[in-house]
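# I'd like to go over a predicted model; first the sequence, then the structure.
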Amino acid sequence: MRWVVVGNAENRRVRLFTEAALAAGFRAPRVVEWLSVLTDGGHDFADDEFVRLDSPGENPAVDALLRGVDEPTRVEGSARWYAEFLAAVGSLRGGYRLDDPADLAVLFDKRRCHARLTEAGVPVPSSPAGPLRGWSDVRARMREAGMARVFVKLAHGSSASGVLAIESTASGRWQATTSVEVSSDGALHNSLRVRRYREEREIAAIVDRLAPDGLHLERWIPKATIGGRSADLRVVVIAGRATHVVVRTSKEPLTNLHLGGARGDLAAVRAAAGEHWAEAMEICERAAACFPATLCVGVDLLPGLGWQRFAVGEVNAFGDLLPGLTGLPGTPAEGMDTYTAQLTAAATIGASR
């Protein structure tokens, strides 16, 4: 089999996928740089090439072209990023795609993704209907839905960029927990430090600045805890099976590992969930089934208090960067990392073509 990765050769995902391919006995994948795709107007693949996409945003030059902003930490520009990314994906011709372009258009739009999951009966946090043109709309939707705690997210954001966990009180106090840092000129930057804004005018200014790129609003579900820390799960689903799980814990509402979250004890989580564990994995597989033409997705699963109810927060197209993690016992990926598992699953698909 001939493998192609559309990505950036220096990216960790590409390196790990290449190492996995060599270890599995395949020849090294050919790497097509996103920069060349963007500047050359597309790329053609042979019919017998299996094409895997990698995140383009980890290369500053590529991100600048997609976002239209030279500063790599800037939050703004996600709507343009989305449009340019889909155009770049659409310029790829031929080959057998492991990432479906139509699926990617939904996966990178939280509003469309939640709508598709809801239509399929997959539980998600509730999202009030209505336009979100800025803070006044967010505040109105919260009031109408009786929501005192919500997450406001960029419709096309990733890695918690532009996410605000907003809390309100009956007395009129507000607090937003976020990684957004506001510069002296009002520009928004994605920081590695979680911070809190407690003045409504500050929160309003951030939301109003984000709104032109498109917003998604959802109910803040109180999450289960492990060791006194809030926890959620990143579940990798490959070829329809939930194969890899990492527990993410934090004392903050944002559990992302790059924002100070820590990996938790999976055995402790499985014990806490008990008979509900199988249901949790089944929900993730149902979420992935909403994107049948895409080989691998990463599902962010939100466990409710007590580990008895679960909801899908997000489904990620590039959610497989989990170094050192091997597949769950009893699954086709047992003992394999996420990349070896994908190679094995794709080879099976290739053998049946």
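Nice, thanks for sending it over. Numbering: from 1, shown residues only.
# show me what contacts the residue lying closest to V51 once chain neighbours are set aside?
In space, and not counting its chain neighbours, V51 is closest to G95: 4.1 Å by Cβ to Cβ, 6 or more residues apart in numbering. C-beta: built from backbone N, CA, C; applies to glycine. Contact analysis of G95 by Cβ atoms under 8 Å, 6 or more residues apart in numbering lists 4, 45-47, 49-51.
# make JSON lines out of those and add neighbour count.
Output for those, formatted as JSON lines (neighbours: other Cβ atoms under 10 Å):
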{"residue": "V4", "neighbour count": "21"}
{"residue": "F45", "neighbour count": "19"}
{"residue": "A46", "neighbour count": "11"}
{"residue": "D47", "neighbour count": "7"}
{"residue": "E49", "neighbour count": "17"}
{"residue": "F50", "neighbour count": "23"}
{"residue": "V51", "neighbour count": "22"}
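# strands - which of these land there?
4, 45-47, 49-51 (DSSP state E).
# and the residue nearest to V51, how far from A102?
Look at G95 and A102: by Cβ to Cβ, to the nearest Å, they are 16 Å apart.
# ok so, going back, measure the residue nearest to V51 to L188 for me?
37 Å.
# again, but for A120
Per Cβ to Cβ, A120 is found 34 Å from L188.
# who's more crowded, these two?
Legend: neighbour count by other Cβ atoms under 10 Å for A120 and L188, higher for L188 (20 against 11).
# bridged to that one, which residues?
Beta bridges link L188 to V182 when assigned by DSSP bridges.
# contacts only, for it.
By Cβ under 8 Å, 6+ apart, the contact set of L188 is 74-76, 162, 180-182, 206, 209-210.
# quick check, nearest of those to G335?
G162 (37.6 Å; Cβ to Cβ).
# next, count neighbours for the residue nearest to G77 when sequence neighbours are not counted.
Ranked by Cβ to Cβ, 6+ apart and with sequence neighbours excluded, the top spatial neighbour of G77 is R67, at 3.7 Å. Look at R67: counted by other Cβ under 10 Å, it has 22 neighbours.
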